[in-house]
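**Student:** this is a predicted model, with the sequence first.
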Amino acid sequence: MAKGIELKGVSKVFRHPERGDVHAVKQLDLTVQPGELVTLLGPSGCGKTTALRMIAGFENPTTGRILIGGQDVTDTMPNRRNIGFVFQNYALFPHMSVFDNVSYGLSVKGIPKVERRERVAHVLDLVGLQGMERRFPNQLSGGEQQRVALARVIVTEPSVLLLDEPLSNLDAKRRVQMRSEIRRLQRSLNMTSVYVTHDQEEALSISDRVVVMNLGEMEQEGTPQEIYAHPESQFVAGFIGKVNALPAEVVRVDRDEVTASFGATSFTVCGPSMSIAVGQRVSLLIRPESVDLSSEPDGPAPKGRIVQVTYLGEKAEYDIECDGTQLKAVSFDPARHGMFAQGQEVYLRMQGGSMILTDQ
Amino acid sequence: MSSTSAIMRREKRRLELANLARDPVLLLTVVLVWVAMFIFILWPLLKLMQAAFVDKGHLSAKALVSILSRPNNRLALRNSLLLGGLVALIGTALGYLFAFTYARTNIGSFWRGVIDIACLLPLISPPFTLALAILFALGPRGLITYGILGLKNVNLYGLQGALLAEVLTYFPIAYLTLRGILANIDLSMEDAAFSLGASRLRVFLTVTLPLTIPGIANALLVLFASSLADFASPLILSGARFPVLPTQAYLQITGLYDMKGGAALCFLLLVPSLLIFAIQRQWVGKRSYVTVSGKSAASSGGRLTPPWARWLLLALCLATSIFVFFLYGSILFGSLVRAWGANHTFTLENYRYVFTFGRKAIRDTLVIALTAMPIGGIYGILVGYLVSRKSFPGRSAMEFVSMINYSLPGIIVGIGYLLAFNNPPIALAGTAWILIAAYVFRYSATGIRATVATLHQMDPAIEEASTSLGAGTAVTFRRITVPLIAPAFFAGLEIMFIRAMTAISATIFLISVNWTLITVRILEGATELELGHAAGFSMLVIAIVFITTGILRWIMRLAGMSDYSAVAQIR
């Protein structure tokens, strides 16, 4: 039942009345395995929604082919692709009850009434909306509307599920709850899914695989862990989580490690994926949670001064000035470990193993 | 860069064609609509141009030159433009006065209702009605001029008579346009100006007025075009000394049987009309600052006007309204007396005449109006849907063409139809269908616009959701789009019916022995000085229009009851 999706060299160009031709998606190649949930993650305008809408058939690619279950659907109407699309604003039919909304896809496909009623009841049960059949969309809360939108789609047993920022209209608490619910449904029904979001936390928590997009192109793809731990560019590192970029100079290049100096301190970074020369200016990327602060030097460590302290309960964030560079550090459970004060001098203990070397 | 953009343009065209190819329902609909538009909009225009500019198989400006060589026709051109300009200025000013009073003073719902009815009456009454009433109030032996003031030798005929009749007939259009715009201006903008220390006058001059300028420009253009096209008021009130183009064209054809001359006069009328149409689309259409947010703060516009100004504005509006009511009252009076202006004995004779000798005209008009109504309604939402929701080659051309017949003076459309459908291949003259077609392709403009506006506010995702659930174009249109644009559909039906009941300029040439219209009987009554009959027919039309629109609104409310909105109220 679950089918894979393939995008081969897909591009989309829009004509904009003022800005001329806008290349929304450039030469995108993407494969989604049957039953897999892939997230398209990126800032607004990166082409993720356009890519999703092309899979659905709402937009025609300017070039390239789209395959669902091995079949070329590039020229197939959306209504013949057997997809399920969950819209950002749900797009519930305002003139129909919950029951009519959910059974719409079945009735369009000519499913007999008795079976329709059974399947709608089953799906409403699945999303926790039993007893709401006669309500109308404007009588539902945001979370309930979201469930109806999901139910309306999964009741038709689509070969692929496409979700366009489905949680962006919900409040923070409900978002986390719906997130795990969508994941649970997707797993239990084994639905191949493409999920568009600009929320990195959402992407990390829900996906089998994350595709980071920027300016219409794929920046990097991988499992959530790979993307977070081994970003291949400063954009990916900065977009997924926070990152410090230390300006550094290469002092030694070995076979699979590079040593670079930030101020007076040198760091040895493993496995650079580019050709590097001694004397080159590079950036050393390190996540704030990998920067340990201490009031004692304990080995070679750059010295900085705390400019601002932000207390967040479970953690404390520090803005630090170090050798003319602004850095961020995080310490967890500050109640137990104590906090540094604004203006205090600290030593930044960082390991080369937590760093990634990129072009400056 | 230009070559890549040319490639992209070709690419877009290819995608649009591919879109058509994979959606046969869309393809078929687009083709059918184009065929209908060609036959009923473009073909008559081409025939009119042919009559005006082709002489014995050669291109020639002879007819135009000969028309222009007559001083009376040059005068008519000048008069038409002068009258149009004055009607536009005065009508828009009056419309603004009414709209501002309605939207920016707290005058209460009763007075708002009074203003609304005074503006509604001219919109739904048949032509000649106001002109006749004005004649009887202010003419040489008029109720006010002669009866009350005792004036003798009052000269109403000419510019002043036509101007008064047209201003009163058309200012409600300006009122509706401007009221909509004033009501849609987010009042928090005015509040912001107040909070920054601006005085009332300053807020009005720097915020409110500039925001309504697109609406004012639009109203000016629409009123100018309406006056240019008006045929009924000048026919009664212009007299021989103040000829205008539509009446000249009418007389050229009905009096002199000069089709070519009539067509050439129509061309003179066509040029300014098309110009206005083009300006309106190019300029005004793109300059609306009004945003329909639907979330206006709970503020009222009342603070823009001090109390004394409120009463002054209301007094001005009421004076105008009372005059309008008086005019309509005098028609009712005229329909109930033996001889209007001479013998004021009460009688039902005029209505007996209307319902015996006028029965055929009543029956014909109702049959035609009730046939044109559903056809035009469906055509309206179909075209509105296609041009605002579908992408196919020639989409914006279709939108443009759909508005042509509405934008042109009725007399041009009428003569075009006469020329196009008198002979095979499409010989419709003498049938009801020529009248129905004229109405459908001229008066569906409201339905098209209402549909476009409704769809504009409707998230396309709702239709995409239907498509992604497996519904094709036809099913989505029927089950999702149509229910949601039903209000626009009903608005289209309503206008179609009102126009079909009251039209004269487009249809005066299209009636026949077999099919005639009430408005034509009113014209006969007016010109043959059977004014009681004309008044009786006029009252009948007003009554029919009131009843029918009432029924339509009742159906709408009823449909709404079984719909989502009603259920929302229950809980």
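**Tutor:** Looks like it arrived, so ask away.

**Student:** sheet partners, orientation included, of the host helix or strand of residue A:8?
**Tutor:** According to DSSP states H and E, residue A:8 maps onto strand A:5-16. Here strand A:5-16 is paired, per DSSP bridges, with strand A:20-32 (antiparallel), strand A:63-68 (antiparallel).

**Student:** can you put the ones you listed in a markdown table and add mean pLDDT, mean neighbour count and distance to residue B:510?
**Tutor:** In this view, the C-beta of every residue, glycine as well, is placed from N, C-alpha and C. A markdown table is the format used below for these (pLDDT from 0 to 100; neighbours: other CB atoms under 10 Å in any protein chain shown; distance: least, CB to CB, whole Å):
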| stretch | mean pLDDT | mean neighbour count | distance to residue B:510 |
| --- | --- | --- | --- |
| strand A:20-32 | 90 | 18 | 49 |
| strand A:63-68 | 94 | 18 | 53 |
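
**Student:** got the CA coordinates for stretch B:65-76 in CSV?
**Tutor:** Taking C-alpha atoms only, stretch B:65-76 is exported to CSV below (Å, rounded to 0.1, in the frame of the first residue of the first chain):
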residue,chain,number,x,y,z
VAL,B,65,-17.4,61.8,-42.5
SER,B,66,-21.0,62.3,-43.7
ILE,B,67,-22.3,62.0,-40.1
LEU,B,68,-19.7,64.5,-38.8
SER,B,69,-20.5,66.9,-41.6
ARG,B,70,-23.9,67.6,-40.1
PRO,B,71,-23.7,70.2,-37.4
ASN,B,72,-26.4,68.6,-35.4
ASN,B,73,-24.3,65.4,-35.0
ARG,B,74,-21.2,67.4,-34.0
LEU,B,75,-23.4,69.2,-31.4
ALA,B,76,-24.6,65.8,-30.2
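
**Student:** what about stretch B:542-552, average pLDDT?
**Tutor:** The average pLDDT for stretch B:542-552 rounds to 89.

**Student:** quick one: buried residues of that stretch?
**Tutor:** Buried residues in stretch B:542-552, counted by 16 or more other CB atoms under 10 Å in any protein chain shown: B:542, B:544, B:545, B:548, B:549, B:552.

**Student:** my read is that residue B:448 contacts residue B:402, right?
**Tutor:** Yes. The criterion here is CB atoms under 8 Å, and residue B:448 meets it with residue B:402 at 5.6 Å.

**Student:** quickly list what's touching both of the two.
**Tutor:** B:383, B:387 (CB atoms under 8 Å, 6 or more residues apart in numbering or on different chains).

**Student:** tell me the one of the buried residues of stretch B:542-552 nearest chain A?
**Tutor:** residue B:552 (19.4 Å; CB to the nearest CB).

**Student:** secondary structure element holding that closest one?
**Tutor:** Secondary structure from DSSP H and E places residue B:552 in helix B:531-561.

**Student:** please see if that helix touches chain A.
**Tutor:** No. Applying CB under 8 Å from any CB of the partner chain, one finds helix B:531-561 out of contact with chain A, separated by at least 10.2 Å.

**Student:** how about residue A:8: what's its closest non-neighbour residue?
**Tutor:** Excluding the flanking residues, the one nearest residue A:8 by CB to CB, 6 or more residues apart in numbering or on different chains is residue A:65, at 4.7 Å.

**Student:** what residue spans form the domains of the chain?
**Tutor:** Since you didn't name a chain, this refers to chain A. With domains defined by automatic domain parsing, chain A comprises A:5-238, A:243-359.

**Student:** the chain in question should be chain B.
**Tutor:** Here the domain assignment for chain B is B:7-60+B:336-571, B:63-119+B:154-289+B:305-325, based on automatic domain parsing.

**Student:** need these in TSV (columns: distance to residue A:125).
**Tutor:** Shown next, in TSV, are these (distance: least, CB to CB, whole Å):
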stretch	distance to residue A:125
domain B:7-60+B:336-571	20
domain B:63-119+B:154-289+B:305-325	45
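
**Student:** for residue B:237, phi and psi?
**Tutor:** phi -110, psi -10 (degrees, to the nearest 10).

**Student:** residues touching it, list them.
**Tutor:** B:131, B:134, B:135, B:156, B:157, B:158, B:161, B:162, B:164, B:165.
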